[in-house]
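Q: here's my sequence, what's the structure:
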Amino acid sequence: MYFAKSSPFKFDLIANYNYSNTFSTSLSLSRADAIVFSLGYKYDRFTINYAFDFVISRIRNVSSGAHEITLGVFLFSKKSSDISSPMF
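A: Residues are numbered from 1 along each chain as shown. Got it, this is the predicted structure:
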């Protein structure tokens with residue numbers, strides 16, 4: 001949930017699933033404008049993600065959605081911790 005001055009309120013609902021800290025998938029609803037499905041793969045310090053935005057608002061008559069590919073590199077390694085946490 002976020003907003004900026006002079007812009008409409010924005011709300012996203014996102015469900016993520018990670019498998020073995022290697023594969024990921026997510027499904028999100030973006031302010032009733034689009035449903036977004038994504039898949040990701042992580043190897044060592046590198047990631048690649050693919051997402052498709054399926055438009056569900058009135059603009060679907062002029063937009064068939066969007067494909068997105070993201071490449072990432074983790075520049076810094078995480079510091080080890082004595083505390084076990086599934087999130088960090």
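
Q: and residue 69, how close does it get to residue 60?
A: As for residue 69, its distance to residue 60 is 22 Å (criterion: C-beta to C-beta, to the nearest Å). For the C-beta atoms, the positions are set from N, CA and C on the backbone; glycine is no exception.

Q: who's more crowded, these two?
A: Taking neighbours as other C-beta atoms under 10 Å, residue 69 and residue 60 compare with residue 60 leading, 13 against 8.

Q: quick check, the more buried one in a strand?
A: No: counting by DSSP: H, G, I helix; E, B strand; the rest coil, residue 60 is not part of a strand but helix.

Q: report the beta-bridge partners for the residue lying closest to residue 24 once chain neighbours are set aside.
A: Leaving aside its chain neighbours, residue 24 sits nearest to residue 40 (4.1 Å; criterion: C-beta to C-beta, 6 or more residues apart in numbering). According to DSSP bridges, the partner residues bridging residue 40 are residue 24, residue 49.

Q: residue 40 reaches residue 19, doesn't it?
A: No: counting by C-beta atoms under 8 Å, residue 40 stays clear of residue 19, with 10.3 Å between them.

Q: higher neighbour count, those two?
A: residue 40 (18 against 8).

Q: who's in contact with the more buried one?
A: 23, 24, 25, 47, 48, 49, 50 (C-beta atoms under 8 Å, 6 or more residues apart in numbering).

Q: any idea which of those is the one closest to residue 34?
A: residue 50 (15.4 Å; C-beta to C-beta).

Q: any idea how far residue 42 lies from residue 29?
A: The gap separating residue 42 from residue 29 is 25 Å, by C-beta to C-beta.

Q: who touches residue 8 in this structure?
A: residue 31.

Q: all strands of this structure, in order?
A: 12-19, 23-30, 34-43, 46-55, 66-73 (DSSP state E).

Q: pull out the buried positions in the third one.
A: Pointing back at strand 34-43 there. 34, 36, 38, 40, 42 (16 or more other C-beta atoms under 10 Å).

Q: just send the residues you listed back as JSON lines, with distance to residue 73 too.
A: Listed next are the buried residues of strand 34-43 as JSON lines, based on distance: C-beta to C-beta, whole Å:
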{"residue": "34", "distance to residue 73": "27"}
{"residue": "36", "distance to residue 73": "23"}
{"residue": "38", "distance to residue 73": "18"}
{"residue": "40", "distance to residue 73": "14"}
{"residue": "42", "distance to residue 73": "11"}
